[in-house]
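Student: whatever this is, show me its structure:
(2 chains, ligands or ions: 1)
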Amino acid sequence: MLASNQQQQKRLKIVKDDDHSTEQSNKKPESGEDRWTPLLVSVADKNRAAFEQLFNHFAPLIRGYSRSKPSPTEMTGFADELVQEVMIKIWQKAHSFNPEKASASTWIFTLVRNCRVDMLRRNNRHNNQTLETDDIWPIESEDTPITHLQQSRDQERLFKAAETLPPEQMSVISKVFVEGKTHTETASELGLPLGTVKSRVRLALKKLQVMVTHRINEVDL
Amino acid sequence: MSQHHPSINMLAEYCAGTLGMAEALSISAHLHYCHSCRCQVENLNRLNGTLLSDENFSQAFQEPSAAKAHTAVNHGEQSIDSLLQSTLNRIDALDNHSSSETTLSGVPIQQASIANKIRKDLPPVIAKLIVKPRFLRWKKLSPAMEAAKLSAGQNECEVSLIKIKAGGRVLEHDHRGNEYTVVLRGAFSDQDGIYSAGDFIHRKPNEIHAPCATADADCLCLTVVDAPLKFTGLIGCLINPFMKLQPS
Ligand SMILES: [Zn+2]
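Tutor: Below is the predicted model:
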């Protein structure tokens, strides 16, 4: 209970900080600074204190992530179960995390996404047993090793770029990514034509420099 | 290098985990061949990770006020503290058990790599889906074309392997739904271009096309159709029953 009060105070503080964004920079760690990768590396050595720090940061975020999505099964406690499954996977798989290939937050995101898909599949009687969710959405990326510093800078750049998105692009991006809605769901929730959602996603990704440049012959433009 | 790619919108839905299993399977197959889309997916995952882990982003959209957090508690969710405690308890229990190895890790990759030895050139995910090729039930749809259904764990779509004989021509057909094709081996062409291994093709509803394998080799494709085919050619009526969707 005490902890949840702290959480609430923390949230309120963030809301306040946003109101006075000029004061923000000297109070908080630099936005986008990657505090989590070193912690995740420690969790690989079964460091419980590091695990608890990761838990306290990510558990509320995972819960929010889960709550923002339409849950077709109306499972009570789905969000809490997702938090637990993800955190257990983090504990068990931290040794396979390679900080030269991904940042902790990217790696944890892929676990969250796959765990959620897994839980939904388990509730689906048409579930095919041959394929694991991880077969279709691999956790490991094999391309381009980058340093922790590069990761950190990249995340910071992304973070700053995201803050400069025009509101109409940000609202689409937050539905499609933060809330994990399909483009169709996003269109109906925002009362926009599907084509507008698609083009706003593309514009925003270009602005965030997330778009890989040489995408010729891409279908469905 | 593939020349034809899924749209960035489709990749975004794939990365967010909102794409259906069958469509995601076709993306996954394409990624096996395409470095550029793998980079794109990494970028999108990084964006997702950044947005998830930064409370300024996540909480702005998810838990904007203490009041909202309060209703969540009423919905039977635990406090973070007790959630941490029960997670730690489960971890202890698992750690005690797992002296006898086999936990969650490793299973998918291992199986995939065994399957991969059987069908070396195919994307691991497809190889795994056809671990036992003799179980595939090929149906002749025309003199030049055979199809075998795969089960991808989703009943809204029909997932099939399609074989087109070298130089063979497929009946002109159109779709009531979307059709996603990934060329796995060989090449085929239609009125819009030539597609070879790795290429990803999306045909929208009611687009009519008549694919044709190139003359030098058989063509093997993965197709995902979210509504049944209907052939527009003369003998279409004979073929259609085989291609019917089987909804639940
Ligand atoms: Zn591609």
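Student: and B:Glu42, how close does it get to chain A?
Tutor: 5 Å (CB to the nearest CB, to the nearest Å). Backbone N, C-alpha and C define where each C-beta goes, glycine included.
Student: quick one, phi/psi of that residue?
Tutor: Main-chain dihedrals, B:Glu42, degrees, to the nearest 10: phi -60, psi -40.
Student: break chain B down into its domains, please.
Tutor: Segmentation of chain B into domains, based on automatic domain parsing, reads B:8-99, B:132-242.
Student: pLDDT of the longest one, averaged?
Tutor: Read it as domain B:132-242. Averaged over domain B:132-242, pLDDT sits at 77.
Student: does the ion sit close to it?
Tutor: No: judged by CB under 5 Å from the ion, domain B:132-242 makes no contact with the ion; its nearest approach is 6.2 Å.
Student: any low-confidence regions in chain A?
Tutor: Applying pLDDT under 70 to chain A flags residues A:1-33, A:70-75, A:125-129, A:141-146, A:148, A:213-221.
Student: so B:Ser142 makes contact with B:Val170?
Tutor: Yes: assessed by CB atoms under 8 Å, B:Ser142 is found in contact with B:Val170 at 6.7 Å.
Student: okay, the two: which has more neighbours?
Tutor: B:Val170 (21 against 18; other CB atoms under 10 Å in any protein chain shown).
Student: quick check: which of the domains of chain B is buried the most?
Tutor: Burial of the domains of chain B is given as mean neighbour count (mean count of other CB atoms under 10 Å in any protein chain shown); domain B:8-99 ranks first at a mean of 19.
Student: show me where chain A has its helices.
Tutor: Applying DSSP state H to chain A gives helices spanning A:2-19, A:24-27, A:36-44, A:48-67, A:78-93, A:104-122, A:133-136, A:148-163, A:167-173, A:183-190, A:194-207.
Student: the ones you listed: which one's closest to B:Pro124?
Tutor: Proximity to B:Pro124 (CB to CB) singles out helix A:133-136 among these, at 7.2 Å.
Student: is any part of that closest one close to chain B?
Tutor: Yes: using CB under 8 Å from any CB of the partner chain, we find that helix A:133-136 touches chain B at A:Asp134, A:Asp135, A:Ile136.
Student: from the contact counts, what lies against that helix?
Tutor: With contacts defined as 3 or more CB pairs under 8 Å, 6 or more residues apart in numbering or on different chains; DSSP states H and E, the packing partners of helix A:133-136 are helix A:104-122, helix B:21-33, helix B:107-118, helix B:124-129.
Student: could you redo those helices as a markdown table and give each row distance to A:Val176?
Tutor: Listed next are these as a markdown table, based on distance: least, CB to CB, whole Å:
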| stretch | distance to A:Val176 |
| --- | --- |
| helix A:104-122 | 13 |
| helix B:21-33 | 16 |
| helix B:107-118 | 27 |
| helix B:124-129 | 24 |
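Student: these: which one's closest to B:Leu47?
Tutor: Among these, helix A:104-122 comes nearest to B:Leu47, with 8.9 Å by CB to CB.
Student: what residues sit buried inside the closest one?
Tutor: By neighbour count with 16 or more other CB atoms under 10 Å in any protein chain shown, helix A:104-122 contains the buried residues A:104-121.
Student: to B:Ala147, which of the helices of chain A lies closest?
Tutor: Here helix A:133-136 is closest among these (CB to CB), at 21.5 Å.
Student: redo the domains of chain B as a markdown table? Include distance to B:Leu122.
Tutor: Converted to a markdown table, those look like this (distance: least, CB to CB, whole Å):
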| stretch | distance to B:Leu122 |
| --- | --- |
| domain B:8-99 | 8 |
| domain B:132-242 | 6 |
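Student: and of these, who's closest to A:Leu158?
Tutor: Evaluated over the domains of chain B, closeness to A:Leu158 peaks at domain B:8-99, with 5.0 Å, by CB to CB.
Student: wait, does that closest one contact the ion?
Tutor: Yes: interface with the ion: domain B:8-99 contributes B:Cys34, B:Cys37 (CB under 5 Å from the ion).
Student: now do the helices in chain B.
Tutor: All helices of chain B, identified by DSSP H, fall at B:8-16, B:21-33, B:35-53, B:55-62, B:66-74, B:80-97, B:107-118, B:124-129, B:236-239.
Student: weakest of those helices in terms of mean pLDDT?
Tutor: For those, mean pLDDT drops lowest on helix B:236-239, to a mean of 37.
Student: just to revisit the earlier point, could you dump the helices of chain A to TSV with distance to B:His35?
Tutor: Below are these laid out as TSV (distance: least, CB to CB, whole Å):
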stretch	distance to B:His35
helix A:2-19	39
helix A:24-27	38
helix A:36-44	25
helix A:48-67	29
helix A:78-93	26
helix A:104-122	18
helix A:133-136	19
helix A:148-163	19
helix A:167-173	25
helix A:183-190	25
helix A:194-207	19
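Student: is it true that B:Asp190 touches B:Ile208?
Tutor: No: B:Asp190 is beyond contact range of B:Ile208, at 9.8 Å (criterion: CB under 8 Å).
Student: can you pull the contacts of B:Val224?
Tutor: B:Val224 makes contact with B:Ala22, B:Glu23, B:Leu25, B:Ser26, B:Ala152, B:Cys157, B:Glu158, B:Val159, B:Glu179, B:Tyr180, B:Thr181 under the criterion CB atoms under 8 Å, 6 or more residues apart in numbering or on different chains.
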